[in-house]
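Participant: based on what follows, work out the 3D shape:
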Amino acid sequence: MRMSLAQRVLLTWLFTLLFLIMLVLKLDEKAPWNWFLIFIPVWIFDTILLVMLIVKMAGRCKSGFDPRNGSQNMKKKVWYLIAMLLKLAFCLALCAKLQRFTTMKLAYVFIPLWALLVGGMVELGYNIFYVRRD
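Facilitator: You can find the predicted model right below:
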């Protein structure tokens with residue numbers, strides 16, 4: 001089952017719109033919801049992405065797959081998996097802080113996000129300045 005680009009854009013837009021509506025209702029104090037409930041659209045979307053990524057990574061385990069073909073592709077998928085887990089860690093820490101479940105400093109809450117941004121910058125620099133030596 002493959003989704004077209006238009007379907008992926010529509011799904012992304014729908015989950016983002018749902019999250020923003022719930023966030024505005026919470027910030028305007030119209031809805032006394034828990035912060036973990038506000039982030040449900042984000043987590044559903046991330047779960048869909050994680051399942052798709054894991055299924056693609058598991059495709060390497062089927063018989064007849066040549067591991068020399070996709071080593072660079074596999075590194076990229078591992079980076080995507082790490083990025084998704086860092087984003088999940090940031091969202092969970094942020095919700096716990098906003099809900100006052102923990103008394104950790106705000107700087108500690110942002111550590112996964114900073115690691116994600118630094119990793120993204122390293123990947124961007126690698127993709128821009130990397131010159132193949134064939």
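Participant: most centrally placed residue in the chain?
Facilitator: What sits nearest the mean C-alpha location of the chain, by Cα atoms, centre = their mean, is M84, with 3.4 Å.
Participant: which helices and strands does the helix or strand harbouring that residue pack with?
Facilitator: In this assignment (DSSP states H and E), M84 forms part of helix 71-98. If contacts are counted by 3 or more Cβ pairs under 8 Å, 6 or more residues apart in numbering; DSSP states H and E, helix 71-98 sits against helix 35-38, helix 40-58, helix 106-109, helix 111-129. Every C-beta, even on glycine, is put in place using the N, C-alpha and C of the backbone.
Participant: quick revisit: could you find the closest non-adjacent residue to the residue nearest to the centre of the chain?
Facilitator: L50 (5.6 Å; Cβ to Cβ, 6 or more residues apart in numbering).
Participant: check what pLDDT Y126 gets.
Facilitator: pLDDT, Y126: 85.
Participant: ok, now F65?
Facilitator: 63.
Participant: and if you look at M3?
Facilitator: In this prediction M3 is given a pLDDT of 73.
Participant: can you tell me how far it is from I44?
Facilitator: 15 Å (Cβ to Cβ, to the nearest Å).
Participant: same deal with L27?
Facilitator: Taken as Cβ to Cβ, the span from L27 to I44 is 21 Å.
Participant: now do I111
Facilitator: Distance from I111 to I44, by Cβ to Cβ: 25 Å.
Participant: returning to that earlier point: closest one to F15 among the helices and strands packed on helix 71-98?
Facilitator: Among the helices and strands packed on helix 71-98, helix 40-58 comes nearest to F15, with 4.2 Å by Cβ to Cβ.
Participant: what is the closest one packed up against?
Facilitator: Using 3+ Cβ pairs under 8 Å, 6+ apart, helix 40-58 is in contact with helix 5-27, helix 71-98.
Participant: looking at the ones you listed, which is buried most?
Facilitator: helix 71-98 (a mean of 15; mean count of other Cβ atoms under 10 Å).
Participant: pLDDT of that one, averaged?
Facilitator: Here the average pLDDT along helix 71-98 is 89.
Participant: from the middle of its chain, how far away would that helix be?
Facilitator: Centroid separation for helix 71-98 versus its chain: 5 Å, with Cα atoms, centre = their mean, to the nearest Å.
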